[in-house]
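*Asks:* please find the sequence and the predicted model below.
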Amino acid sequence: MKKMKRILFVCCLLAATCTVTYTQSYAQSSPTRPTVSKADFTAKVAQLKTLLDAGNAVDGKAKWEEVHKMMLSALGVTKYKIKDAIDAHNDVDKAHYTDVTINQRNLYYDIVKMRNDLVANRVSLNTKLTAFGATIE
């Protein structure tokens, strides 16, 4: 009987140790939430517009990469807002952020199609990027 109690005790200690180790490693590996502000995005889009209006495709491509990263971050922010709404059982916020995500995703796809010729597509690109920026909350 004592031997069974010891085995049970050792199993419980082992399970507790594994749980603590897993929890600590998960907390350390959890991704940080992306952030992007509407003002920063708008400023970056304005810089891109200036470069493209001047016909500067090389610097425009570099600025495009920055804008692209910001769009991906904005999509991530909205994704986390949906998750938070689900966790809080807030159906109104969930529906709102789902609509925002759909709008952002559709704009993103339209924008990405224009990346191959930024200078030629600059007017349409700026219109779509401005619309995307309006979705950032």
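*Replies:* Thanks, I have it. Numbers count the residues shown, from 1 in each chain.

*Asks:* need the contact list for the residue lying closest to residue 91 once chain neighbours are set aside.
*Replies:* Closest residue to residue 91 apart from its sequence neighbours, by Cβ to Cβ, 6 or more residues apart in numbering: residue 85 at 7.7 Å. C-beta: built from backbone N, CA, C; applies to glycine. The contact partners of residue 85, taken as Cβ atoms under 8 Å, 6 or more residues apart in numbering, are 91, 93-94, 96-97.

*Asks:* could you pull up the mean pLDDT of the longest helix seen in the chain?
*Replies:* Taking DSSP state H as the criterion, the chain has its longest helix at helix 57-87. Per-residue pLDDT over helix 57-87 has a mean of 96.

*Asks:* next SSE after it?
*Replies:* Under the assignment DSSP states H and E, the closest C-terminal helix or strand after helix 57-87 is helix 91-113.

*Asks:* TSV for the contacts of residue 85, including distance to residue 80, pLDDT and neighbour count?
*Replies:* Converted to TSV, the contacts of residue 85 look like this (distance: Cβ to Cβ, whole Å; pLDDT from 0 to 100; neighbours: other Cβ atoms under 10 Å):
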residue	distance to residue 80	pLDDT	neighbour count
91	17	95	10
93	12	96	15
94	12	96	18
96	14	97	16
97	9	96	23
